[in-house]
Structures are given as C-alpha cells and as structure tokens.
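Participant: Okay, sequence plus prediction incoming.
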Amino acid sequence: MRKTMLSLVAICMLVVTGVQAAEIELSANSESTTVSVEPNALCKAVMQGDVDTVKKLIESGEDVNRRSLGMAPIHFAARYNQAEILELLIENGAKLNKRCSKGYTAKKHAEMSNATESLAVIETAMKK
C-alpha cells in the first residue's frame, strides 16, 4: 500500500509540473504572436465587390500591396473574379508578380478559381 501511495504522489507531481511547463510555454508564445482571423478593410471590400469602398480606401492611403490572411488585395480580386477592382488595384500600384503566403500569384489564383474576367485583366496588364 505504501508503494502505491508513493507512486501516485510521484505521478501527480509529474503531471502538475508538466501542466505548469505547458502553461508557461503557451503564455510566452501568445505574447509574441498576433493572429488575425478577419481580412483588413480593403481586402474585405475587394471580396465583397464593393468598388466604391475600395476607391475610398485607396484614396485615403490604404496600401494596395498590404497582405491580409496571407494574401494581398490583388489575390482576393483575382480569386473572387472582381475584374473592375483588379484593374483599379493595378492602376494604383498593385504588384502583379507578388506571391501570397502559399506561393501563388494573382494569375494562379484566377486560374484556380476559373475567374476568366480577372485572368483577362491580368494578362492584359502583364503585356504592358
């Protein structure tokens, strides 16, 4: 009986120590990492196809190459076949060859999404 009690106490001590170590590790990571689960305002407007909001945001100084959720606005426009917005982004300095966090260009996003209108805009812009 005495050996059983000592074994249980030893196991409890190991479990408690392991939990405390895990908590310390989590708190250290949470301080240095900020994760956003929503796209920024420009990318959200691009996905929704809201041309007026995109124009206003660009006029107010929003960076057309700023990533959100690993993708730049040009990637969202290509993926969701927003050809008019795509033209607007390109006119305002969006980089066509910029890659998303998965390594795809806007052209590749358009191809994967069968976004024919966006693909035509991208190919025309690449010829210039």
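Facilitator: Cool, got the structure. Numbers count the residues shown, from 1 in each chain.
Participant: State the next helix or strand along the chain beyond the helix or strand of the chain with the lowest mean pLDDT.
Facilitator: The helix or strand of the chain with the poorest confidence is helix 2-32; it has a mean of 56 (mean pLDDT, DSSP states H and E). Per DSSP states H and E, the first helix or strand lying C-terminal to helix 2-32 is helix 41-48.
Participant: and the next helix or strand after that following helix, average pLDDT?
Facilitator: Next helix or strand after helix 41-48 toward the C-terminus (DSSP H and E): helix 51-59. Mean pLDDT, helix 51-59: 95.
Participant: Please pull up the helix or strand immediately following helix 51-59.
Facilitator: Downstream of helix 51-59, the next assigned helix or strand under DSSP H and E is helix 73-79.
Participant: Give the buried residues for the next helix or strand after that following helix.
Facilitator: The first helix or strand that comes after helix 73-79 along the chain, using DSSP H and E, is helix 83-91. Across helix 83-91, burial judged by 16 or more other C-beta atoms under 10 Å covers 83, 85-90. In this view, the C-beta of every residue, glycine as well, is placed from N, C-alpha and C.
Participant: and the residues you listed as a markdown table, adding distance to Glu117 and pLDDT?
Facilitator: Compiled in a markdown table, the buried residues of helix 83-91 are given as follows (distance: C-beta to C-beta, whole Å; pLDDT from 0 to 100):
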| residue | distance to Glu117 | pLDDT |
| --- | --- | --- |
| Ala83 | 4 | 96 |
| Ile85 | 11 | 96 |
| Leu86 | 8 | 95 |
| Glu87 | 10 | 96 |
| Leu88 | 14 | 96 |
| Leu89 | 14 | 96 |
| Ile90 | 14 | 95 |
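Participant: closest to Met47 among those residues?
Facilitator: Ile85 (9.5 Å; C-beta to C-beta).
Participant: List the contacts of the nearest residue in space to the closest one that is not next to it in sequence.
Facilitator: Spatially, and ignoring its direct neighbours in sequence, Ile85 is nearest to Ala77 (4.8 Å; C-beta to C-beta, 6 or more residues apart in numbering). The contact partners of Ala77, taken as C-beta atoms under 8 Å, 6 or more residues apart in numbering, are 46, 83, 85-86, 89, 106, 118.
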